[in-house]
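Trainee: here is a sequence with its predicted model. Questions after.
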Amino acid sequence: MELTSKQRVERAMRSGYNPEVELPDRVPTFCQISIGYYFKNSGIAPFDIWYRSEAFAEALVKVQHQNHFDGILVNLPGRNPEVDKYITRVDKGETEDVVRWKNGNYTRIPHDDNPHYFLADGSRYFPTFEELDPESLYYVEPWDLTDVTYPYTWGFDERSRPFDDFFEPFHQDTLKSVLSKVGTTVSVHAEIFSPYAQFLELLNFQNGLMAMILDPGKVHACLDRLTLGAIDLGNRGAACGPDALLISDAFAGGGFISRKHYSEFVLPYETRVVNAIHKNYPDLPIYTHTCGDIGDRLDLMLKTGIQGVDTLDPPPLGTVELQTAKETLRGKAFIKGNIDPVSTLLLGTQEDVQEEARRRIEIGKEGGGYILSTACSVAPLTPPANLELLAEAAKSHGGY
């Protein structure tokens, strides 16, 4: 019997960590898509995708339909429906748009990449580690209307919201819209940022990494506070009824930190997030997205309590051979990813894509627990014809 996409992904996920779950009819497929790819291929204006919840929801569903994906990841927060009142004008160009805000600052929106918010003089603001007061932290959203602020305020608000009512009422609007559009047919996943990822985004990476060496005690105090916000947002997202929750922890791989630092600065806080959300939503699959070199820390990632691992970058992007990951994670977690998004999907021929997808399916599908996907986000300039081949490969070679 052919399953719905929602049922297919659910069985694939659960069979990864529960061998008693019935296998899906075939390997499912869906990728995390870069914002630039939505800009170029959804037929919806970049401004609307970035600033309007309903437009982004429409773009998510359109790209899912185009590529016959079995799932959708909602990876931007809902937007303030009154955003227009903060805008002076929008200068539209051939390759990018520029939003001029009433406060004198501006946002550049490339037509093929993530927008960025700039101060009037062209600089970007990030607080210093020295000025941080851990007690003032709760959650950092890297993709808010403006850039990171400290103490954190949403959009153009002048005052911080209280921690017991921190997230704006429209924060889940995009997730709710996608869920309403696809009903019970497609698997929909929500996303939050890990405490560690928030910390690095707040300090613009280099300063955050240095702080871990120079003042680990204060770093732990910051991560402790950011854990509270991640739990809060995770529970709010879970309450909307998604099929899974992704914890974005992109910078916890070997290209950024050692296995020892992962154990110290990532493991305890992500464990708290997973346990707290599972306390309220015990049946919700939670998985993590970590880029790059993670072959040396798959066992540590499992200790957080997650049910799945996303990306699993293969060499040369990372260090994960799918066969090794399958052996390490079998019966403990599902796997999503491992196709090189650059060499194969962006730069490869259609034959390259077909062959790599077939190989990944051959290795990954044994016993269930595999979702065919790129190792990281689909690049903006990826040929749509290459992306469409993934679902074709899953249908041709992924049957059980």
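Mentor: Alright, I've got the coordinates. Numbers count the residues shown, from 1 in each chain.
Trainee: what helices or strands is the helix of greatest length in the chain leaning on?
Mentor: In the chain, with assignment by DSSP state H, the single longest helix is helix 216-239. Under the contact criterion of 3 or more C-beta pairs under 8 Å, 6 or more residues apart in numbering; DSSP states H and E, the helices and strands touching helix 216-239 comprise strand 187-193, helix 195-203, helix 206-214, strand 244-248, helix 259-265, helix 267-280. C-beta here means a position set from N, CA and C on the backbone, and glycine is covered the same way.
Trainee: next, the buried residues of stretch 236-255.
Mentor: Neighbour-count burial for stretch 236-255 flags 236-238, 242-254 (criterion: 16 or more other C-beta atoms under 10 Å).
Trainee: oops, could you answer that again for stretch 99-112 instead?
Mentor: Val99, Trp101, Asn105, Tyr106, Thr107, Arg108, Ile109, Pro110, His111, Asp112.
Trainee: mean confidence for it?
Mentor: Averaged across stretch 99-112, the pLDDT comes to 98.
Trainee: run through who's touching that stretch.
Mentor: 36, 39-40, 46-47, 50, 86-91, 95-98, 115-120, 146, 156, 380-381 (C-beta atoms under 8 Å, 6 or more residues apart in numbering).
Trainee: buried subset of those as a PyMOL selection?
Mentor: Paste this into PyMOL to select the buried members of the contacts of stretch 99-112, with burial taken from 16+ other C-beta under 10 Å:
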select buried, resi 36+39+40+46+47+50+86+97+115+117+118+146+156+380
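Trainee: would you list every one of the helices in the chain?
Mentor: In the chain, the helices defined using DSSP H lie at 5-17, 35-41, 46-51, 53-67, 173-182, 195-203, 206-214, 216-239, 259-265, 267-280, 298-302, 322-329, 350-364, 384-397.
Trainee: winner for burial among those?
Mentor: Neighbour counts (mean count of other C-beta atoms under 10 Å) averaged over each of those peak at helix 195-203, with a mean of 26.
Trainee: could I get the average pLDDT for that one?
Mentor: Per-residue pLDDT values over helix 195-203 give a mean of 98.
Trainee: what angle sits between that helix and helix 216-239?
Mentor: With axes from the mean of the first three to the mean of the last three C-alpha atoms, to 10 degrees as the basis, helix 195-203 and helix 216-239 are set at 110 degrees to each other.
Trainee: to Val353, which of the helices and strands packed on helix 216-239 lies closest?
Mentor: Nearest of the helices and strands packed on helix 216-239 to Val353, taken as C-beta to C-beta: strand 187-193 at 22.6 Å.
Trainee: convert the C-alpha atoms of that closest one to PDB, please.
Mentor: Listed in PDB are the C-alpha atoms of strand 187-193, where the atom choice follows Å, rounded to 0.1, in the frame of the first residue of the first chain:
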ATOM      1  CA  SER A 187       5.500  15.700   7.000                       C
ATOM      2  CA  VAL A 188       6.100  19.200   8.500                       C
ATOM      3  CA  HIS A 189       9.100  19.900  10.800                       C
ATOM      4  CA  ALA A 190       9.600  22.900  13.100                       C
ATOM      5  CA  GLU A 191      13.000  24.300  14.000                       C
ATOM      6  CA  ILE A 192      14.700  26.000  17.000                       C
ATOM      7  CA  PHE A 193      18.300  27.100  17.500                       C
END
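Trainee: for Leu137, give its distance to Gly155.
Mentor: Taking C-beta to C-beta, to the nearest Å as the criterion, Leu137 is separated from Gly155 by 18 Å.
Trainee: which one of those two is surrounded by more residues?
Mentor: A side-by-side neighbour count of Leu137 and Gly155, using other C-beta atoms under 10 Å, places Leu137 first with 25 against 15.
Trainee: for the residue lying closest to the more buried one once chain neighbours are set aside, what are its contacts?
Mentor: Among residues not flanking Leu137 along the chain, Arg225 sits closest, at 4.0 Å (C-beta to C-beta, 6 or more residues apart in numbering). For Arg225, the contact set (C-beta under 8 Å, 6+ apart) comprises Pro134, Glu135, Leu137, Tyr138.
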